[in-house]
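Enquirer: sequence plus predicted model, see below.
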Amino acid sequence: MTVTTQRLPTLAEAVARYDPVLGLEVHVELGTVTKMFCGCSTTFGAEPNSQVCPVCLGLPGSLPVLNRVAVESAIRLGLALNCTIASWCRFARKNYFYPDMPKNFQISQYDEPIAYNGWLDVVYEGVTYRIGVTRAHLEEDTGKSVHVGGATGRIHGASHALLDYNRSGIPLIEIVSKPILVPPAIAPAVGRAYVTELRMLIRALGISPARMELGQLRCDANVSLKPSGATEFGTRTETKNVNSLRSVERAISYEIRRQAAVLSEGGRVVQETRHWHEDTGETTAGRSKEQAEDYRYFPEPDLVPLAPSPEWVESLRATLPESPVARRARLQREWRLSDLEMRDVLNAGAVDLVAATVDAGSDPAGAKKWWLGQIARAANERGVDLEQVGISPSDVAQVQALVAAGTLNDRLARQVIDGVLAGEGTPDEVVAARGLAAVSDDAALLTAVDEAIAAMPDVAAKVRAGKLAAVGALVGAVMKATRGQADAARVRELTLQRLTGPAA
Amino acid sequence: MTDLTRLTAAELAATVASGESSAVEVTQAHLDRIAAVDTAVHAFLHVEADGALAAAKAVDERRARGEPLSPLAGVPLALKDVFTTADMPTTCGSKILDGWRPPYDATVTRLLREAGIVILGKTNLDEFAMGSSTENSAFGPTHNPWDLGRIPGGSGGGSSAALASYQAALAIGTDTGGSIRQPAAVTGTVGVKPTYGGVSRYGLVACASSLDQGGPCARTVLDAALLHEVIAGHDPMDATSIDRPVPAVVAAARRGAGGDLAGLRIGIVREFAGEGYQAGVLARFRGAVELLDELGAEVAEVSCPSFTYGLPAYYLILPSEVSSNLARFDGMRYGLRVGDEGARSAEEVMSLTRGKGFGAEAKRRIMLGTYALSSGYYEAYYGQAQKVRTLISRDFERAFQTVDVLVSPTTPTTAFPIGERADDPLAMYMADLCTIPSNLAGNAAASFPCGLADEDGLPVGLQVMAPVLADDRLYLVGAALEHAVVERWGGPLLSRAPELEVVA
């Protein structure tokens, strides 16, 4: 059933009648140096098919050998998610045909995941929600199909496809949440907060950069509705291609509204895969899952069972970083923020960004001000996450350093940030290209001051006579002469010195 | 002048090492023999004369420089065309790999080259090693040198026939359900399936991963042992490879040649006799056991009741793995591609390619396995078969508590006429009745010549089965039997084979 956007209820209207149930599947590409089952490099952005070998190309005769670091990453994440670590588990083959999957099966884990039954605490608006984690398991990534000849890069209308297997065999962890039942009105926001929290955890563990815009963290959102108060779950859809935190919230919200419209018109939600479209803010139907695909799972015979010893697991537990909750409490203390201020940072998804900016040398107040102010507005206008807006923590720290040094005043600093956001380069490059450096050279300023005094002898006389307020006209003239790039306070100081002698 | 092709591998290596004949002369003699008889036998799918002569020349040069030679340096070998070779095509007996040149050497291939063994070419086999007669090869059947109207066994019929017709002194086979042992039995040669994990599977194009095992084929027990030590050992590229010292098989073969089996406990598998067994096969089997008894062994009958279920369990596990392993042959990246005229989808091209590229037996097993693994049937088929597999392993363990080795006929009949069972897959499957249990349990097993059946004058094999990693016991028994047989008959069994007509 097609429902047009015009007739969709608002989220508030939808949740007035229905309770949403969410299930989030998050795929994380591990930041290992080599792939899951071979020694090929995992570096992003290399020439297509330059990081391949017989194993990740699935050539006849090749065999997988498990990457120990990938297993360590999975165990550490499992422990951080409060999961039980399997004392014995196996890999399984998930069989299906697709050109970007060189063996036509994916090595994954089926009924024996390495980590299972855990939870993650998520704070939203000051309230903690405990989200259950069903499992976290290891699997290999597929290659990438690039459809050529069509308008959109999608399969429809394409004349042919190119295949890049650089990604084939990169280790992934899939984290599957238990059904998420939170107050209906905030379900989309809590969904987003869960993915945000998970991303912070993954980064704190150092197992992946988890950059959503590079596909290093991908989220599939399962959404179903049930009549308010009912206990039985409704039919779910699985929305794919949700590639930013903002999209997580929007896609969930859209699906709740769409399904509410279908149900309230007496329709039936079809169990299917749906695709999220960032540009239109809608989901569209993909593959129907009514006839469940049969993946014919069976234990991978080319790999031996994985049996992490308790000693190994415990030694990995000892390497866990502080929990995100403890870390935030510490950062709040270090940054001297109020509870409310810290909540703002958290809700903006900016904890890691502010922390990285502080690590790069900025003061906390400055870092927070830029990320939650001008940069957040820009991200919002462009409809992207803070991380994707095009400025890095080190850029921000650099701007803040220029401010602290007096090279930039606040107004100029905002222009520099704009320049970086516009893709004009690093802050230094923007300063140079736009000629934005504040004039802080006293000699240069004094020349301008002297010129102003010479040009306005009557004003100068008033100041000399003690009418200090009159200095404003001179300062204004200097500022005009320096096209606003001088530090006004310093100009005032220098002008007064010139006219009344050194300050006593 | 000595006919170099009639020498054993050990003799050839000594001849080369002493300088009596050069490796090039030895290789040329075998290439000449191939030219003379292989039109009739069709053991080889590909002969790489230039490569073989170059490898031989390298051995001669090494000798000339006074460098040490490995024990089989300069000996010509026939490689089953299921191991990858960077300098030769690898077809697996299938049209679907048409035109494929692997970019890499299998570990076994590499070890052979490093040992100075001269690879003459690639031998014929049933498609993807699935069959017991070599009739399933897409390139036509191989003929048994004892009677060109009969099958040479399978799947490794090319390797066994090459040995029995003196086209090579050594050969490599693979054994998934008996593909080394059954061809050895019906051609009067020696074939050993090492303990699973004893020889690397890296570069061995998989039939059924949990069952496949590469192994040595030769005309004498010592030759097989020498080859075994070249190809065996831990390989980090194969996760199922055993990281333990290779059993001392050459020492065991030398010890066995002394003809003393005092104290060795031999168990006759009670279940492998009776209906379906050719009288002449059972008579020669009993004769062999009597000989072993005369050499001092203690012989007892042992019951392994689960062995009866080996065949049906095997024909669920094997096709299941086959259906997944052969999925990668889809025309997308290498080999045959059918129907790519620009208008068809990738899915259609895959389907057409597989329809055209696979033979009837490959398709039969892919379909059986796809069905056995499908949702709702998995437990009843694959799951139950795995339980049988466990029971068979337990039968072996129990038996090996009371005996050191088990013996049985290798296969119930002698070589059958080409075409006789081609339309009756179940009759064909019976050929592997006695060999399958050792593949399911992963233990070591071998076939040794033990005489000619009275009714047809064709070779009969004695199967010896030893515990996991006790491969040396096979060679002890095999060498003792060989010693007794030669004494009794005044020469090896193969000396009784009819001379082939030589094409000038």
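Expert: Structure's in. What do you need?

Enquirer: which strand is the longest one in chain A?
Expert: strand A:127-140 (DSSP state E).

Enquirer: can you pull the contacts of the residue nearest to B:G177 when sequence neighbours are not counted?
Expert: Closest residue in space to B:G177, ignoring its immediate chain neighbours: B:D432 at 4.4 Å, by Cβ to Cβ, 6 or more residues apart in numbering or on different chains. For the C-beta atoms, the positions are set from N, CA and C on the backbone; glycine is no exception. B:D432 is in contact with B:S132, B:G177, B:G178, B:Q182, B:L311, B:Y314, B:T411, counting by Cβ atoms under 8 Å, 6 or more residues apart in numbering or on different chains.

Enquirer: A:E140 is in contact with A:L172, isn't it?
Expert: Yes. Under the criterion of Cβ atoms under 8 Å, A:E140 makes contact with A:L172 at 6.8 Å.

Enquirer: please enumerate the strands of chain B.
Expert: B:44-47, B:76-80, B:118-123, B:170-174, B:190-193, B:214-218, B:265-269, B:298-302, B:405-409, B:444-452, B:459-466.

Enquirer: and the two most separated of the contacts of B:D432?
Expert: Spanning the widest gap among those are B:Y314 and B:T411, at 14.5 Å by Cβ to Cβ.

Enquirer: as CSV, the contacts of B:D432 with neighbour count would be great.
Expert: Conversion of the contacts of B:D432 to CSV gives the following (neighbours: other Cβ atoms under 10 Å in any protein chain shown):
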residue, neighbour count
B:S132, 29
B:G177, 32
B:G178, 31
B:Q182, 34
B:L311, 18
B:Y314, 27
B:T411, 30
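
Enquirer: and of the residues you listed, the nearest to chain A?
Expert: Taking Cβ to the nearest Cβ as the measure, chain A sits nearest to B:Y314 out of the contacts of B:D432, at 13.9 Å.

Enquirer: quick check: which element contains A:W119?
Expert: strand A:115-124 (DSSP states H and E).

Enquirer: show me what counts as buried in that strand.
Expert: Judged by neighbour count using 16 or more other Cβ atoms under 10 Å in any protein chain shown, the buried positions of strand A:115-124 are A:A115, A:Y116, A:G118, A:L120, A:V122, A:V123, A:Y124.

Enquirer: those residues also near chain B: which ones?
Expert: Here nothing survives when these are matched to chain B using Cβ under 8 Å from any Cβ of the partner chain.

Enquirer: ok so A:L263 is a helix residue?
Expert: Yes. Counting by DSSP: H, G, I helix; E, B strand; the rest coil, A:L263 is found in a helix.

Enquirer: give me the beta-bridge partners of the spatially closest residue to it that is not a sequence neighbour?
Expert: Closest residue in space to A:L263, ignoring its immediate chain neighbours: A:L225 at 6.2 Å, by Cβ to Cβ, 6+ apart. Assessed by DSSP bridges, A:L225 has beta-bridge partners A:P20.

Enquirer: and A:L225, what does it touch?
Expert: So A:L225 contacts A:A14, A:Y18, A:D19, A:P20, A:V21, A:G234, A:I256, A:Q259, A:A260, A:L263, A:V269 (Cβ under 8 Å, 6+ apart).

Enquirer: so where's the chain uncertain?
Expert: As the question left the chain open, I've gone with chain A. A:1-6, A:150-157, A:288-292, A:438-441, A:502-504 (pLDDT under 70).

Enquirer: please refer instead to chain B.
Expert: B:1, B:504.

Enquirer: point me to the residue sitting farthest from the middle of it.
Expert: B:A343 (43.9 Å; Cα atoms, centre = their mean).

Enquirer: my guess is B:T413 contacts B:A279. True?
Expert: No. The criterion here is Cβ under 8 Å, and B:T413 misses it with B:A279 at 10.1 Å.

Enquirer: which one's more surrounded, these two?
Expert: B:T413 (21 against 10; other Cβ atoms under 10 Å in any protein chain shown).

Enquirer: tally of neighbours for the residue nearest to that one when sequence neighbours are not counted?
Expert: Closest residue in space to B:T413, ignoring its immediate chain neighbours: B:Q278 at 4.5 Å, by Cβ to Cβ, 6+ apart. Number of residues near B:Q278 (other Cβ under 10 Å) recorded here: 20.

Enquirer: count the neighbours of B:P409 for me.
Expert: By other Cβ under 10 Å, neighbour count at B:P409 equals 27.

Enquirer: measure the nearest residue to it once chain neighbours are set aside to B:L264 for me?
Expert: Leaving aside its sequence neighbours, B:P409 sits nearest to B:F285 (Cβ to Cβ, 6+ apart; 4.6 Å). B:F285 sits 18 Å away from B:L264, going by Cβ to Cβ, to the nearest Å.

Enquirer: pick out whichever of those two has more residues nearby.
Expert: B:F285 (24 against 20).

Enquirer: mind listing what the more buried one touches?
Expert: B:V407, B:S408, B:P409, B:C450, B:V460, B:L462.

Enquirer: what's near enough to touch B:E298?
Expert: So, once contact is read as Cβ under 8 Å, 6+ apart, B:E298 ends up touching B:G263, B:L264, B:R265, B:I266.

Enquirer: so what sits opposite the last one in the bridge?
Expert: Same thing as B:I266. Bridge pairing for B:I266 - DSSP bridges - gives B:V299, B:V405.

Enquirer: that one: how many residues sit nearby?
Expert: Taking other Cβ under 10 Å as the criterion, the count of residues near B:I266 is 21.

Enquirer: that one and B:A297 touch, don't they?
Expert: Yes. With contact defined as Cβ under 8 Å, B:I266 counts as touching B:A297 (4.8 Å).

Enquirer: re the thing from before, out of the strands of chain B, deepest packed?
Expert: strand B:190-193 (a mean of 34; mean count of other Cβ atoms under 10 Å in any protein chain shown).

Enquirer: just the strands in the stretch 101-250 of chain A please.
Expert: Using DSSP state E, counting those that start in this stretch, the strands found in the stretch 101-250 of chain A span residues A:105-108, A:115-124, A:127-140, A:144-148, A:160-164, A:171-177, A:217-227, A:237-242.

Enquirer: quick check: the residue of the stretch 151-300 of chain A nearest chain B.
Expert: Counting by Cβ to the nearest Cβ, the stretch 151-300 of chain A gets nearest chain B through A:R296, at 3.9 Å.

Enquirer: name the nearest residue to that residue, sequence neighbours excluded.
Expert: Counting by Cβ to Cβ, 6+ apart, the residue nearest A:R296 is B:L373, at 3.9 Å.

Enquirer: list the contacts of that neighbour.
Expert: A:N95, A:R296, A:Y297, A:F298, B:S320, B:S323, B:S324, B:Y381, B:Y382.

Enquirer: so A:V475 versus A:G126, what's the distance?
Expert: 46 Å.

Enquirer: same check, this time on B:E275
Expert: With distances taken as Cβ to Cβ, B:E275 is found 80 Å from A:G126.

Enquirer: near chain A, which residues of the stretch 151-300 of chain B show up?
Expert: Residues of the stretch 151-300 of chain B lying near chain A by Cβ under 8 Å from any Cβ: B:201-206, B:208-210, B:236-240.

Enquirer: rewinding a little: more neighbours: B:E275 and A:G126, which one.
Expert: A:G126 (11 against 5).

Enquirer: hang on, isn't the more buried one packed against A:R343?
Expert: Yes. Between A:G126 and A:R343 there is a contact under Cβ under 8 Å: 6.1 Å.

Enquirer: what's the local residue count around the residue nearest to A:L331 when sequence neighbours are not counted?
Expert: Once flanking residues are discounted, A:L331 sits nearest to A:A355: 6.2 Å by Cβ to Cβ, 6+ apart. Using other Cβ under 10 Å, A:A355 has 22 other residues around it.

Enquirer: ok, A:A355 touching A:R328?
Expert: No. Using Cβ under 8 Å, A:A355 is not in contact with A:R328, being 9.7 Å away.

Enquirer: now the stretch 401-504 of chain B against chain A: closest residue?
Expert: Counting by Cβ to the nearest Cβ, the stretch 401-504 of chain B gets nearest chain A through B:G442, at 11.5 Å.
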